[in-house]
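>>> Dropping a prediction and its sequence here:
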Amino acid sequence: MTKEIALEEAASWFDRKISSILSKPRSMASKHLDTIMDRVHDVKNSATRFDYSDIKEPDVYQNYATTIFNKTTEIFDDIKTPEEITYKSLEDFHSSSTNQVESYLNVLAKYLTWLKRDRSYKDKVKNLDRTLSRLKEELHKFDNRTLASYIEVEKYEKVIDDIKILQEAVQRKKELETEIEAHSDDVKRISNVIEEKQNELNELKSHPGFQQLDDNEKELLQMEINISNKITEIKKLSNKVMKAADTRKIEIDDNTREIMRALVKDPLEELVKELDGYSGIKSTLNQLKEISSLPAIQMKKEKLERAFENIDEILDDGILDIQKRAKFLIKQSEAINQKFKEMEMELKIKKLSDEIDNLKIDRNRITLTQRRELDEINDTIKTLSKSITTRVEEYIDEEIKLVYS
């Protein structure tokens, strides 16, 4: 059964669940921290023997010694154990403590060189070296034993860390949503203007002339298909005739060649160019029939017969209605386009479209930064939430659902 856990309580809830798992490594780490701090105290205590600050007129060696005492106090007072024991806090403690010791060694390297020239400081230097070596040894053990052992349970603490990150992400999400909502009036104002402009644009685009132009284009396209179906074999025959003319096997005049080429390339366009009754096409087709009987024109009998059937149909005004209808549609479309030109329809549509696009950009910019961050936050929340619940089930065998308030 899935257990619902409020996100704000999830970290403490899981910490209680794993407390028994972490109690031993935390106890060991705590004891080792105490040992290290004892070694730190030993170093500071050893350094007190270098304190000559109460002498009114110290010599140069005493000045060096007092400097060592002051630096020891200054550096080692900064070494403090973490308030909460976690792998991260222990790792940070070890890193900072090691750096402090290294810094201290650099100080000693400068001043002990001089003090070693005076045999009266020999025991003090040895004692400080000894306590410092013990501290370094404990830090080394801490790294190789305590941290190395503790890292085995770090995965449990990582769940708690991720819960805290998830809490921060959810909080940031709320802040972003509040920021976005704060701009809602500006967004609404621009949206209203966009809606008004869009209505104007829709009204222009809904002019019946546009529908008529679209219908005419579709009907003309269908006419092209119908004509092409009627002259498929005529096209093949025309190509053979023009090829024979190119090689001078036969003779055809330029006008006939031009009409044949037009029939092959765009028969509807040629049909519309012709006067009513398309006499030019008919004349060309009659010549085509005559020429096709010449030896220079080689075409399979059945294809030639189909070509003749098509030619006869066209000669018998088989596409006259198409011609009349196409001319009407083209003239009608030209008249509509001319009217639109007078109305500056294209310019008005473009102007409105540009205004709408620019307004949308302006509206989008108002909360663009917040929405981009919100998208990233939502991805983070989704990914983290799934990862946390999966690991909780794996680590403590409890299926949970995180609830955000």
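All right, it came through fine. Residues are numbered from 1 along each chain as shown.
>>> From the contact counts, what lies against the lengthiest helix in the chain?
Secondary structure of the chain read by DSSP state H shows that its longest helix is helix 7-47. If you count contacts as 3 or more Cβ pairs under 8 Å, 6 or more residues apart in numbering; DSSP states H and E, helix 7-47 packs onto helix 60-76, helix 87-115, helix 122-141, helix 148-150, helix 154-182, helix 368-396, strand 400-403. (C-beta placed from N, C-alpha, C; glycine too.)
>>> just how off-centre is stretch 7-26 within its chain?
Centre-to-centre, stretch 7-26 and its host chain are 37 Å apart (Cα atoms, centre = their mean, to the nearest Å).
>>> could you give the mean pLDDT of it?
Over the span of stretch 7-26, the pLDDT mean works out to 93.
>>> in it, what's buried?
Residues of stretch 7-26 classed as buried: 7, 10-11, 13-14, 18, 22, 25-26 (neighbour count, 16 or more other Cβ atoms under 10 Å).
>>> Out of those residues, give me the two with the largest separation.
7 and 25 (26.8 Å; Cβ to Cβ).
>>> need the helices for the stretch 201-350 of the chain, in chain order.
208-230, 232-246, 254-265, 267-273, 279-292, 301-315, 320-343, 345-366 (DSSP state H, counting those that start in this stretch).
>>> Let me know which of those helices is the nearest to residue 39.
Checking the helices of the stretch 201-350 of the chain against residue 39 by Cβ to Cβ gives helix 345-366 as the closest, at 60.3 Å.
>>> the inter-axis angle of the closest one versus helix 154-182?
Here helix 345-366 runs at an angle of 130 degrees relative to helix 154-182 (axes from the mean of the first three to the mean of the last three Cα atoms, to 10 degrees).
>>> Quick one: list the elements packing against helix 345-366.
Using 3+ Cβ pairs under 8 Å, 6+ apart: helix 345-366 touches helix 184-205.
>>> can you list contacts of the helix it packs on?
Contact with helix 184-205 is made by 345, 348-349, 352-353, 355-356, 359-360, 362-363, 366-367, as judged by Cβ atoms under 8 Å, 6 or more residues apart in numbering.
>>> related to what we said a few turns ago, give me the distance between the longest helix of the chain and the centre of its chain.
Chain-centre distance of helix 7-47: 43 Å, with Cα atoms, centre = their mean.
>>> circling back: from the contacts of helix 184-205, pick the one nearest residue 69.
Distance to residue 69, by Cβ to Cβ, is smallest for residue 367 among these, at 60.7 Å.
>>> In contact with the residue nearest to that closest one when sequence neighbours are not counted, which residues?
Nearest-residue entry for residue 367: residue 180, 4.7 Å, with adjacent residues in sequence omitted and distances by Cβ to Cβ, 6 or more residues apart in numbering. Shown in contact with residue 180 (Cβ under 8 Å, 6+ apart): 367, 370-371, 374.
>>> mind running it again at 7 Å?
By Cβ atoms under 7 Å, 6 or more residues apart in numbering, the contact list for residue 180 reads 367, 370-371.
>>> tally of neighbours for residue 214?
Residues within reach of residue 214, counting by other Cβ atoms under 10 Å, total 11.
>>> go on, the one 10 residues further on?
For residue 224, the number of neighbouring residues by other Cβ under 10 Å comes to 17.
>>> Could you measure from it over to residue 314?
Note on residue 224: its distance to residue 314, by Cβ to Cβ, to the nearest Å, is 15 Å.
>>> Next: residue 181.
According to Cβ to Cβ, residue 181 and residue 314 sit 71 Å apart.
>>> Of the helices and strands packed on helix 7-47, which stretch is the most buried?
Compared across the helices and strands packed on helix 7-47, helix 60-76 shows the largest average neighbour count, a mean of 18 (mean count of other Cβ atoms under 10 Å).
>>> From the rest of the structure, what touches that one?
For helix 60-76, contacts defined as Cβ under 7 Å, 6+ apart pick out 40, 43-44, 47-48, 50-53, 55, 58, 100, 103-104, 107-108, 111, 114-115, 118, 121.
>>> Closest to residue 251 out of the buried residues of stretch 7-26?
Using Cβ to Cβ, residue 7 comes nearest to residue 251 of these, at 93.5 Å.
>>> picking that back up, show me which pair in the contacts of helix 184-205 is furthest apart.
In the contacts of helix 184-205, two members sit farther apart than any others by Cβ to Cβ. They are 345 and 367, at 35.4 Å.
>>> Would you mind writing the CA trace of stretch 350-370 as CSV?
Only the C-alpha atoms of stretch 350-370 are listed here, as CSV (Å, rounded to 0.1, in the frame of the first residue of the first chain):
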residue,chain,number,x,y,z
LYS,A,350,-0.1,41.1,-44.0
LYS,A,351,-0.3,44.2,-41.8
LEU,A,352,-2.7,42.5,-39.4
SER,A,353,-0.7,39.2,-39.4
ASP,A,354,2.5,41.1,-38.6
GLU,A,355,0.7,43.0,-35.8
ILE,A,356,-0.6,39.8,-34.3
ASP,A,357,2.9,38.2,-34.5
ASN,A,358,4.5,41.2,-32.8
LEU,A,359,1.9,41.3,-30.1
LYS,A,360,2.4,37.6,-29.4
ILE,A,361,6.1,38.2,-29.1
ASP,A,362,5.5,41.1,-26.7
ARG,A,363,3.1,38.9,-24.6
ASN,A,364,5.5,36.0,-24.6
ARG,A,365,8.4,38.2,-23.4
ILE,A,366,6.5,39.4,-20.2
THR,A,367,7.0,36.1,-18.4
LEU,A,368,9.4,34.4,-20.7
THR,A,369,12.3,34.1,-18.2
GLN,A,370,10.0,32.9,-15.4
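>>> Buried ones in that stretch, by neighbour count?
352, 355-356, 359, 363, 367, 370.
>>> I appreciate the help and will end here.
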